[in-house]
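Asks: turn this into a structure:
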Amino acid sequence: MSGPLTGIKIVDMTTMMSGPLATMLLGDQGADVIKVETPSGELMRKVGRSRNGVTDSFQCSNRSKRSLSVDLKSEQGRSIVKQLLANADVLVQNFRPGTMARLGLDETAVRTLNPGIIYVSINGVGEDGPYARQRIYDPMIQALSGMADIQADNDTGRPRMVRTVLCDQTTALAAAQAVTAALFERANSGKGQHVKLSMLDTMVSFLWPEGMSPLTFVGDEGDPASAQLGGDLVYQTQDGYITAGAVTDAEWSGMCKAIERLDLLADERFKTADGRFSHANVRRAITAEEMKKWTSGVLLERLRDNDVPSAPVLARGDIEQDPQVKHNGVIVIQEDEILGQVRQARPAARFDRTPATPTRMAPRLGADNETILAELGYAATSIEELTRSGILGSPETQSR
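Replies: Numbering: from 1, shown residues only. Model (predicted):
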């Protein structure tokens, strides 16, 4: 069955995480994504556990794509890419500002080849400005966007990082959404456009509704820290950890019943939602001590019976066996002739008529050189010569 983006061709000139993940999501939804790499391949091909030439890191951001390995420093290599772009719907690139211009592939140059193309530029902090020429990775954006401040230790005030590349991943989602919006607009206007987004802008926008909402009213600003939870809602039990939250009066009543502390309902400090918020640290300390008296299974059952939002805190290796995760089928195992059995998360959005599904595993470097160039009209002898001369990277051997 066709995906919702079947018929859309995307040239992917991105590396690392934000760009590759964005184009992978679009590939899962049916777009024909051609990943353009140098003959040595991008860094993520060398990071993580490897099986038959593909690392787990690369697989998780580059499935549902074809691979073209070409020397962009050569005139012939750039000519091949320009031919691809002439008939593409979308170009996504996340080079540092100025790189595409040096390659002769900046937005103005590409638009002369293809006026209707959606040209997407992803970068760290913006195309210009005081930080634009710096190398940027996820921790820099966590530091600049307020994320590290939001995560600051309650006792010491020391900023802390989130232990995953959340800024890259959030930017990927924003980029994928922007691509589909631009394609929709083009369907109405017939015109392409340049879509620009930075990781910094994405994260400030993403964090503002909750993490910075007290700064909204000019001249009447509040403390941004007041907009967030005072502490982690993680509680230790006799045999593990759970999370539970009581916001409404009914939920607070349910929690008191679950932990057998009905006396807390009469405590003046906790009778209202505002009071419970004002005395959050005291309240959580009391409930934390009570929860240590129970096993996770028994306590979670009692909390659910009393309609209190709660869940076990799962180790990553245990997620697949969680009954709700299993019911949803979010983690799938697929068989591949090169990689063997591959475990991965399916696309989150489920379309009832045009399902999104991984169309193929991440490609070996240059695996589709011949097919892609044949589609551009190159004869087999020409492709062989381009490979011999180093313009095309030699496709990696795909035997086990």
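
Asks: list the buried ones in the one helix or strand in the chain whose mean pLDDT sits lowest?
Replies: For the chain, counting by mean pLDDT, DSSP states H and E, helix 273-278 ranks last in confidence among helices and strands (a mean of 92). Using 16 or more other Cβ atoms under 10 Å as the burial criterion, the residues of helix 273-278 that qualify are Arg276. (Glycine included, C-beta is placed from N, CA and C.)

Asks: next one: whatever helix or strand comes next after that helix to chain centre, how far?
Replies: Tracing the chain past helix 273-278, the next element assigned as helix or strand by DSSP states H and E is helix 280-291. Using Cα atoms, centre = their mean, to the nearest Å, we find the averaged C-alpha position of helix 280-291 to lie 34 Å away from the chain's own average C-alpha position.

Asks: which helices and strands sit right next to helix 280-291?
Replies: Using 3 or more Cβ pairs under 8 Å, 6 or more residues apart in numbering; DSSP states H and E as the contact test, the elements touching helix 280-291 are strand 234-236, strand 241-244.

Asks: just the CA coordinates of the helix ranked longest in the chain, formatted as CSV?
Replies: Of all the segments assigned as helix in the chain under DSSP state H, the longest by residue count is helix 166-189. Provided in CSV are the C-alpha atoms of helix 166-189 (Å, rounded to 0.1, in the frame of the first residue of the first chain):
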residue,chain,number,x,y,z
LEU,A,166,16.4,16.0,22.5
CYS,A,167,17.2,19.2,20.6
ASP,A,168,18.2,17.3,17.5
GLN,A,169,15.1,15.1,17.7
THR,A,170,12.7,17.9,18.3
THR,A,171,14.2,19.8,15.4
ALA,A,172,13.7,16.7,13.2
LEU,A,173,10.0,16.7,14.0
ALA,A,174,9.7,20.4,13.3
ALA,A,175,11.5,20.0,10.0
ALA,A,176,9.4,17.1,8.9
GLN,A,177,6.2,19.1,9.7
ALA,A,178,7.6,22.1,7.9
VAL,A,179,8.3,20.1,4.8
THR,A,180,4.7,18.7,4.6
ALA,A,181,3.3,22.2,5.2
ALA,A,182,5.5,23.6,2.4
LEU,A,183,4.4,20.8,0.0
PHE,A,184,0.7,21.5,0.8
GLU,A,185,1.2,25.2,0.1
ARG,A,186,3.0,24.4,-3.2
ALA,A,187,0.0,22.3,-4.2
ASN,A,188,-2.1,25.4,-3.9
SER,A,189,0.3,28.1,-5.2
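
Asks: returning to that earlier point: touching the least confident helix or strand of the chain from outside, list them.
Replies: When contacts are defined by Cβ atoms under 8 Å, 6 or more residues apart in numbering, helix 273-278 is touched by residues 246-249, 252, 268-270, 283.

Asks: follow-up on the earlier one: now the helices and strands packed on helix 280-291 in JSON lines, with mean pLDDT and distance to Ile8?
Replies: Compiled in JSON lines, those are given as follows (pLDDT from 0 to 100; distance: least, Cβ to Cβ, whole Å):
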{"stretch": "strand 234-236", "mean pLDDT": "97", "distance to Ile8": "42"}
{"stretch": "strand 241-244", "mean pLDDT": "98", "distance to Ile8": "40"}
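
Asks: from the chain's centre, how far out does the least confident helix or strand of the chain sit?
Replies: 35 Å.

Asks: over to stretch 170-189?
Replies: Relative to its chain's centre, stretch 170-189 lies at 16 Å (Cα atoms, centre = their mean).

Asks: show me what counts as buried in it.
Replies: With burial defined by 16+ other Cβ under 10 Å, the residues of stretch 170-189 counted as buried are 170-176, 178-180, 182-183, 186.

Asks: what's the answer for stretch 288-298, then?
Replies: Within stretch 288-298, the residues that count as buried by 16+ other Cβ under 10 Å are 290-291, 294, 296.

Asks: try stretch 249-267
Replies: By neighbour count, with 16+ other Cβ under 10 Å as the criterion, the buried positions of stretch 249-267 are 251-259, 264, 267.

Asks: ends of that stretch, what's the gap?
Replies: According to Cα to Cα, to the nearest Å, stretch 249-267 extends 13 Å from its N-terminal end residue to its C-terminal end residue.

Asks: what is the distance between it and the centre of its chain?
Replies: 39 Å.

Asks: now do stretch 375-383
Replies: Centroid separation between stretch 375-383 and its chain, computed with Cα atoms, centre = their mean, is 36 Å.

Asks: in it, which residues are buried?
Replies: Taking 16+ other Cβ under 10 Å as the neighbour-count basis, stretch 375-383 is seen to contain the buried residues 378, 383.

Asks: and the protein, what are its domain boundaries?
Replies: 9-207+328-388, 241-312 (automatic domain parsing).

Asks: now these in TSV, with distance to Asp220?
Replies: Listed next are the domains of the chain as TSV, based on distance: least, Cβ to Cβ, whole Å:
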stretch	distance to Asp220
domain 9-207+328-388	20
domain 241-312	19
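
Asks: and among those domains, the most buried is which?
Replies: For the domains of the chain, ranked by mean neighbour count under the definition mean count of other Cβ atoms under 10 Å, the leader is domain 9-207+328-388 at a mean of 18.

Asks: pLDDT of that domain, averaged?
Replies: Per-residue pLDDT values over domain 9-207+328-388 give a mean of 97.

Asks: ranges for the strands of the stretch 51-200 of the chain?
Replies: Listed in chain order, the strands found in the stretch 51-200 of the chain under DSSP state E, counting those that start in this stretch are 54-55, 66-69, 90-93, 118-123, 193-198.

Asks: out of the ones you listed, which gets nearest to Leu25?
Replies: Counting by Cβ to Cβ, Leu25 lies closest to strand 90-93 out of the strands of the stretch 51-200 of the chain; the figure is 11.1 Å.

Asks: C-alpha coordinates for that closest one, CSV please?
Replies: Output in CSV follows, covering the C-alpha atoms of strand 90-93 (Å, rounded to 0.1, in the frame of the first residue of the first chain):
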residue,chain,number,x,y,z
VAL,A,90,12.5,18.7,-1.7
LEU,A,91,16.1,19.2,-0.8
VAL,A,92,17.1,19.0,2.9
GLN,A,93,20.6,20.1,4.0
